[in-house]
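> need the 3D shape of this:
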Amino acid sequence: MPRNRRIKNKTKKRFKKTWTRVADGLSRRIVVYQSDIEHECPNCYYDKVNKTSSGVCKVEPGDPNYFAVGRCPVCQGRGVLVTTRRRCINGIVIWNPSGDSMNSLTFTEAGFEGATKVEIKTDPCNLELIKNSKYVVIDGLKCRLSNPPIIRGIGSKDILIAQFFTTDKPKKNSGERL
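I've put the predicted structure just below:
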């Protein structure tokens, strides 16, 4: 005896397409910053004891980046070149997810009091990216991860939920109620 399906495949596809449009319309851009990558300066020698440039040039005279004394023109005397890694993802942002009208208090091992909570809901493929992030920027505010991100859902309809906190204050007339 064939099983009677209550919801047809066409209806499921239509619902999925509509839900994707709703999620895209409500989502905002979230910038995720990962750990910086440092490379030794190709123009000067690196002093590993003081963790700065040694002030001695590697290149020959006549090179445009050559310097005799002073600070290296390439790394500005730091001895390393820093590459900032960041990625943009889309997610639904919820400020003060507990529903309080006042700013919520967040207590962590770091001792942040009076911090504002923010929760994002995004695609589960961003799990490792969020777990390994230094911080994220949501609506122009720098936020740090407060709890490990979790994946919730049923079957193939999973969603990643991550909670952050910020001690920054929103810009004037930002339109965001915290």
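> can you tell me the helix or strand for residue 19?
helix 9-26 (DSSP states H and E).
> quick check, central residue of the chain?
residue 32 (1.7 Å; C-alpha atoms, centre = their mean).
> for it, what are phi and psi?
When quoted as degrees, to the nearest 10, the phi and psi of residue 32 stand at phi -100, psi 120.
> coming back round to it: go through the helix holding residue 19 and flag the buried ones.
For helix 9-26, the neighbour count (16 or more other C-beta atoms under 10 Å) marks residue 23 as buried. Glycine gets a C-beta too; all of them are placed from N, C-alpha and C.
> show residues contacting that helix.
With C-beta atoms under 8 Å, 6 or more residues apart in numbering as the contact definition, helix 9-26 has outside contacts at 90, 92.
> residue 152 against residue 124, yeah?
No - proximity of residue 152 to residue 124 does not meet the contact threshold set by C-beta atoms under 8 Å, at 9.4 Å.
> what's the spacing between the residue nearest to the centre of the chain and residue 122?
According to C-beta to C-beta, to the nearest Å, residue 32 stands 10 Å off from residue 122.
> next, show the common contact partners of the two.
Joint contacts of residue 32 and residue 122 (C-beta under 8 Å, 6+ apart) are 89, 130.
> assumed residue 165 was part of a strand.
Yes - counting by DSSP: H, G, I helix; E, B strand; the rest coil, residue 165 falls inside a strand.
> hmm, residue 143 and it touching each other?
Yes - the pair residue 165 / residue 143 is scored as a contact, 6.4 Å apart, by C-beta under 8 Å.
> walk me through the domains of the protein.
By the assignment in automatic domain parsing, the chain contains the domains 9-35+88-166, 37-83.
> give the contact list for residue 148.
residue 131.
> that one belongs to a helix, doesn't it?
No - counting by three-state DSSP, residue 148 is located in no helix; its state is coil.
> now it: how far from residue 126?
From residue 148 across to residue 126, the span is 14 Å (C-beta to C-beta).
> same deal with residue 116?
22 Å.
> ditto for residue 38
25 Å.
> residues near residue 7, how many?
8 (other C-beta atoms under 10 Å).
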